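# predicted model follows, preceded by the sequence.
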Amino acid sequence: MKDVLEKTELTIGYMPLTDSLPLLVADAHGYFQEQGLDVSLQQEVSWANIRDKVLVGHLDAAQMLAPMLIATHLGLGGIKKPMMTPFAFALNGNGFTISNQLASELDRIAGCNVMADAALAGNALKQLVEERRQQQRPVLLFATVYPYSIHNLLLRDWLSANGIDPDIDVALVVLPPSQMVDHLSQQNIDGFFAGAPWNSVAIQRGVGSCLLASNDLWHSAPDKVLGMTSAWAEAHPNVVKALVRALDKACRWIDHNRQQAASIMTRYVNVPEAAVLPALTGQFTYRTEQPPIHQPDMLVFHRYLANYPWAEHGAWFLHQLQRWNWAKTDIDAESLVRECYRADLYCEALGHHTLGEHLQQGLSFRHEQPWQLGDVPMAATAFSYQSSL
């Protein structure tokens, strides 16, 4: 017998980013309707807007930054309210794009092109920070999309691993993703860490170079999730499962239809298809004057269990929040993470109980090469630098 949906008309928020595609494709292809759902998608301008509208119920659910769930659960930066996710949207897809002038300075220091090399780039940036300090030049100013985001946490972790204090040696500000390129072109910032397509937009406009893609820093890096309040999920369990099934179907389709997915995105987001394609197809150009580099895992929507809400991802986020003294250390970390990352609902919705035994082994970030989880091929999961775990 089919589950009775507690609610059929939903409003779901999203940001103008390539990894919003699971929602856009599910809408365009009627996957929500197949599950008995009438979904209205609402584009938002900032992550704070999305968080606040989900909290007050103006949005039933939304594409959200994964660390935002834990931060909101703890009351960081605003209202304290339990949040959860039953579904992750994708792996990878973000990038650290800097001004062309800064890219040239890093190349000068390293004596070579530092793009896409976390070690070379980190060493050159450390030397440049010291050089600027000695010359009494202003500290470099970088933008991220939200304080409690993979963008900010990963950037801070990598900077710190290279001897750069993110709170002293550079300055970090928050800007909406869609405004990053304009701020970079007007020299208001020296670089930004944001999701696709905005890195490619900057490169194609000739105003920036991508120093590092997120997968250059962390293989199989997590990011966006389907977020909602725990209270809403508890009141609508069958709707949650229906959403998971619709989004799972969309992610399967995207991984095999990248070109068509780019076309769908341009119907919802005002960006040229040419800027969407690099991350989607894995033919990614780091600098305007250079040929693209083949990055098949630049943005992964379904393979490698990309949609499974791994508690280990949440544990890393929580560790980073605690590391920077934003979250207390005297909390039950395991319980908190498992309340936010509802893998049980994911498995229940999709009937993945046969994977349970393998999934219970957890996810290690030590895999430097592709590996197998039961019968499922998995990508490398390791960091390319010495992360604070």
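Happy to help now that I have it. Numbers count the residues shown, from 1 in each chain.
# please make it C-alpha for all contacts and neighbour counts, starting now.
Noted.
# show the model's pLDDT score for the spatially most central residue of the chain.
Nearest to the mean C-alpha position of the chain, by CA atoms, centre = their mean, lies Asp223 at 2.6 Å. Among the per-residue scores, Asp223 shows a pLDDT of 93.
# I'd say it and Gln63 touch.
No. Assessed by CA atoms under 8 Å, Asp223 is found out of contact with Gln63, at 10.1 Å.
# check contacts around the residue nearest to the centre of the chain.
Leu65, Ala66, Ala88, Phe89, Ala90, Leu91, Asn92, Ser149, Ile150 (CA atoms under 8 Å, 6 or more residues apart in numbering).
# burial of Ser185, as a residue count?
Ser185: 18 surrounding residues under other CA atoms under 10 Å.
# any idea how far Ala103 is from it?
As judged by CA to CA, to the nearest Å, Ser185 and Ala103 stand 14 Å apart.
# still on that earlier bit, just the contacts of Asp223 now: which is nearest Tyr31?
Phe89 (15.4 Å; CA to CA).
# skipping its backbone neighbours, what lies nearest the closest one in space?
Val225 (5.1 Å; CA to CA, 6 or more residues apart in numbering).
# which phi and psi does that neighbour have?
Main-chain dihedrals, Val225, degrees, to the nearest 10: phi -140, psi 170.
# which stretches of the stretch 1-150 of the chain form strands?
Under the criterion DSSP state E, counting those that start in this stretch, strands of the stretch 1-150 of the chain are mapped to 9-14, 38-43, 61-65, 83-84, 91-92, 94-99, 141-144.
# which of those sits closest to Trp324?
Short answer: strand 141-144, nearest of the strands of the stretch 1-150 of the chain by CA to CA, at 16.0 Å.
# as PDB, could you dump the C-alpha coordinates of the closest one?
Presented in PDB, the C-alpha positions along strand 141-144 are these (Å, rounded to 0.1, in the frame of the first residue of the first chain):
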ATOM      1  CA  LEU A 141      40.700  39.800   1.400                       C
ATOM      2  CA  PHE A 142      38.900  36.700   0.500                       C
ATOM      3  CA  ALA A 143      35.100  36.100   0.400                       C
ATOM      4  CA  THR A 144      33.200  32.900   1.300                       C
END
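# that one pairs with which strands, parallel or anti?
Strand pairing for strand 141-144, using DSSP bridges, gives strand 171-174 (parallel), strand 191-195 (parallel).
# most tightly surrounded among those strands?
strand 191-195 (a mean of 29; mean count of other CA atoms under 10 Å).
# return the helix or strand in this structure with minimum mean pLDDT.
helix 356-359 (a mean of 66; mean pLDDT, DSSP states H and E).
# please name every helix or strand in contact with the next helix or strand after that one.
For helix 356-359, the following helix or strand on the C-terminal side (DSSP states H and E) is strand 371-373. Contact here means 3 or more CA pairs under 8 Å, 6 or more residues apart in numbering; DSSP states H and E; on that basis strand 371-373 packs against strand 376-378.
# so where's the longest helix in the protein?
Across the chain, the longest stretch assigned as helix under DSSP state H is helix 237-256.
# any idea how far Ser20 lies from Val39?
Counting by CA to CA - Ser20 and Val39 are separated by 14 Å.
# do Leu24 as well
Taking CA to CA, one finds Leu24 at 11 Å from Val39.
# tell me which of those two has more neighbours.
Leu24 (22 against 19).
# make sure the more buried one is actually in contact with Thr266.
No. Counting by CA under 8 Å, Leu24 sits too far from Thr266 to count as a contact (10.0 Å).
# bridge partners for the residue nearest to Phe89, pull those for me.
Beta-bridge partners of Val225, as defined by DSSP bridges: Met64, Ala88.
# residue contacts, it?
Going by CA under 8 Å, 6+ apart, the list of residues near Val225 reads Gln63, Met64, Leu65, Ala66, Thr85, Phe87, Ala88, Phe89, Ala90.
# got it, and Pro377?
Taking CA under 8 Å, 6+ apart, one finds Arg303, Tyr304, Pro370, Trp371 in contact with Pro377.
# how many residues are close by the first one?
In other words, Arg303. Count around Arg303 with other CA under 10 Å applied: 17.
# specify the local secondary structure of it.
Recorded secondary structure, Arg303: coil (DSSP: H, G, I helix; E, B strand; the rest coil).
# quick one, phi/psi of it?
On the backbone of Arg303 - angles per degrees, to the nearest 10 - the values are phi -60, psi 170.
# can you tell me how far it is from Gln283?
In terms of CA to CA, Arg303 sits 18 Å off from Gln283.
# residues contacting the closest residue to Leu350 other than its chain neighbours?
Distance criterion CA to CA, 6+ apart; nearest residue to Leu350, sequence neighbours excluded, is Arg245 at 6.5 Å. By CA under 8 Å, 6+ apart, the contact set of Arg245 is Gln35, Ala349, Leu350.
# any idea how far Gly195 is from the second one?
Put plainly, it is Ala349. Distance from Ala349 to Gly195, by CA to CA: 28 Å.
# list the buried ones in stretch 251-271?
251, 253-255, 258, 261-262, 264-266, 268-269, 271 (16 or more other CA atoms under 10 Å).
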